[in-house]
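Colleague: Quick one, what's the 3D model for this:
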Amino acid sequence: MTLSRRGFLGLGAAAAAGSLVDPGPVRAVQDEPPTPSAPAGSAVAIASGNGVRGVERAYKMMTEGADPLDAAIAGVNIQELDPEDTSVGLGGLPNEEGVVQLDASCMHGPTRRAGAVAALEGIATPSLVAKAVMDYTDHILLVGEGAKRFALSMGFKSQELLTDTSRQEWLRWKGNHGRRDNWLGHEDDVKIHFTYGTINLCALDKKGDLGSVTTTSGLSWKIPGRAGDSPLVGAGQYCDNEVGAAGSTGRGEANIKVCGAFLAVELMRRGVHPKDACLEVLERAVAMTEDRLLDGEGRPLFGLTFYALRKDGAYGSATLYPTEEDDKPRVFAVADASGVRHEPMATLYDTRP
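Modeller: As a prediction, this is how the structure comes out:
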């Protein structure tokens, strides 16, 4: 497979800048999405595709003078409180025991502070709990029962996060994941959902200050206590007010091994465009993937996406494959002075395995 013009230029720029990573898989030959940026001096918010309402809220808040992290968290709160989004917050798909455990982390560019929670139960907005960890403690990460006790002490209210929809999905999985267990199968039911969906949102205000947040219910049917990349600063999200912010959705285990959000920001620091920084992190993640998770052509059997926003307003996103499993095209959400919209992602490969 030949290297696309964009891929060639991206690799050349990275080499000239002293890239941190070796070349990985050859990038797909494809119609190149533009390399966009927000209008100079404009606020901008970018997010995963499910965050179009979130970026609209974040952008509006920043135009009214809100702090970029406050705006970013208000944006992801929409998905956290939406029971129809089964990958985040209320209604998120549970672990193998039927318990919803949530993860989140955030960073505030101007103060260089961060906060995170993992395996949090009973609180629908882990992003706000993560910010409380940042605001009120000398810690960065609280987990499990300790995270919940902290949340309750801060005035958060406990609630049942398992909705009827997510409970039924869990029961379908219980009934179909093993032939020799004591649960009845439901062959007429819809396809069982396996998700590691998430929402990441990065925000830049008119002053050039940054904030970033990632929140998730994590991998569905996970072993209780599992934490992915979302609550790990430097993996699920990272923010440096002198450079930019980045985040990820998809298979957390693949991202953790390359500290993907941190690596994307460091690549931007060296002059790589946000879109190409995301592509280079994907290449590194593929290079670090064990054989059992690759197809016969060396392509990952999972999804992984990165988002990056630079301090000057340039932004981009890249993912492994051009479509979801249901053949929907991969897009990310953007809000700036030009409006609120979905934009196409760059992709590492041209077809799914």
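Colleague: Let me see the ranges of the strands in the stretch 151-300 of the chain.
Modeller: Along the stretch 151-300 of the chain, counting by DSSP state E, counting those that start in this stretch, strands occupy 198-204, 210-216, 237-240, 244-250.
Colleague: Quick one: residues contacting residue 132.
Modeller: 115, 150-151, 154, 156 (Cβ atoms under 8 Å, 6 or more residues apart in numbering). Just so you know, the C-beta spots here come from the backbone N, C-alpha and C atoms, and that holds for glycine as well.
Colleague: What remains of those if I keep only buried residues?
Modeller: 115, 150-151, 156 (16 or more other Cβ atoms under 10 Å).
Colleague: Now do residue 64: how many residues are near it, please.
Modeller: 9 (other Cβ atoms under 10 Å).
Colleague: and the strands of the stretch 151-300 of the chain as JSON lines, adding mean neighbour count and distance to residue 289?
Modeller: Putting the strands of the stretch 151-300 of the chain into JSON lines (neighbours: other Cβ atoms under 10 Å; distance: least, Cβ to Cβ, whole Å) gives the following:
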{"stretch": "strand 198-204", "mean neighbour count": "33", "distance to residue 289": "19"}
{"stretch": "strand 210-216", "mean neighbour count": "34", "distance to residue 289": "20"}
{"stretch": "strand 237-240", "mean neighbour count": "29", "distance to residue 289": "21"}
{"stretch": "strand 244-250", "mean neighbour count": "32", "distance to residue 289": "12"}
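Colleague: Just send those strands back as a markdown table, with distance to residue 161 and mean pLDDT too.
Modeller: Supplementary listing: the strands of the stretch 151-300 of the chain in a markdown table, determined by distance: least, Cβ to Cβ, whole Å; pLDDT from 0 to 100:
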| stretch | distance to residue 161 | mean pLDDT |
| --- | --- | --- |
| strand 198-204 | 16 | 96 |
| strand 210-216 | 13 | 98 |
| strand 237-240 | 22 | 98 |
| strand 244-250 | 20 | 97 |
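Colleague: okay if I get those strands as JSON lines plus distance to residue 279?
Modeller: Below are these laid out as JSON lines (distance: least, Cβ to Cβ, whole Å):
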{"stretch": "strand 198-204", "distance to residue 279": "17"}
{"stretch": "strand 210-216", "distance to residue 279": "19"}
{"stretch": "strand 237-240", "distance to residue 279": "17"}
{"stretch": "strand 244-250", "distance to residue 279": "12"}
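Colleague: For residue 268, find the nearest of these.
Modeller: For residue 268, the closest of the strands of the stretch 151-300 of the chain is strand 244-250, at 4.8 Å, according to Cβ to Cβ.
Colleague: Name the strands paired with that closest one and say parallel or antiparallel.
Modeller: strand 237-240 (antiparallel), strand 304-310 (antiparallel) (DSSP bridges).
Colleague: mind checking how far it is from the chain centre?
Modeller: 5 Å (Cα atoms, centre = their mean, to the nearest Å).
Colleague: Now do it and strand 198-204, the angle between them.
Modeller: With axes from the mean of the first three to the mean of the last three Cα atoms, to 10 degrees as the basis, strand 244-250 and strand 198-204 are set at 170 degrees to each other.
Colleague: quick one: contacts for the nearest residue to residue 108 once chain neighbours are set aside?
Modeller: What sits nearest to residue 108 in space, not counting adjacent residues and going by Cβ to Cβ, 6 or more residues apart in numbering, is residue 69, at 4.5 Å. Taking Cβ under 8 Å, 6+ apart as the contact definition, residue 69 lies against 106-109, 131, 203, 211-213.
Colleague: now these in JSON lines, with distance to residue 284?
Modeller: What follows is the contacts of residue 69, written out as JSON lines (distance: Cβ to Cβ, whole Å):
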{"residue": "106", "distance to residue 284": "24"}
{"residue": "107", "distance to residue 284": "21"}
{"residue": "108", "distance to residue 284": "27"}
{"residue": "109", "distance to residue 284": "24"}
{"residue": "131", "distance to residue 284": "30"}
{"residue": "203", "distance to residue 284": "26"}
{"residue": "211", "distance to residue 284": "25"}
{"residue": "212", "distance to residue 284": "20"}
{"residue": "213", "distance to residue 284": "23"}
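Colleague: What is the nearest of those residues to residue 163?
Modeller: residue 213 (22.9 Å).
Colleague: Against residue 71, how distant is the closest residue to that closest one other than its chain neighbours?
Modeller: Excluding the flanking residues, the one nearest residue 213 by Cβ to Cβ, 6+ apart is residue 106, at 4.1 Å. In this structure, residue 106 and residue 71 are 12 Å apart, going by Cβ to Cβ, to the nearest Å.
Colleague: Mutual contacts of the two, please.
Modeller: residue 211.
Colleague: Have a look at the two and say which one is more surrounded.
Modeller: residue 106 (32 against 28).
Colleague: surely that one meets residue 75?
Modeller: No - applying Cβ atoms under 8 Å as the test, residue 106 and residue 75 come out as separate, 11.6 Å apart.
Colleague: tell me the pLDDT at residue 225?
Modeller: If you check residue 225, the pLDDT there is 95.
Colleague: Can you name the residues that contact the closest residue to it other than its chain neighbours?
Modeller: Using Cβ to Cβ, 6+ apart and skipping residues adjacent in sequence, the residue nearest residue 225 is residue 119, 5.5 Å away. For residue 119, the contact set (Cβ under 8 Å, 6+ apart) comprises 101-103, 143-144, 147, 224-227.
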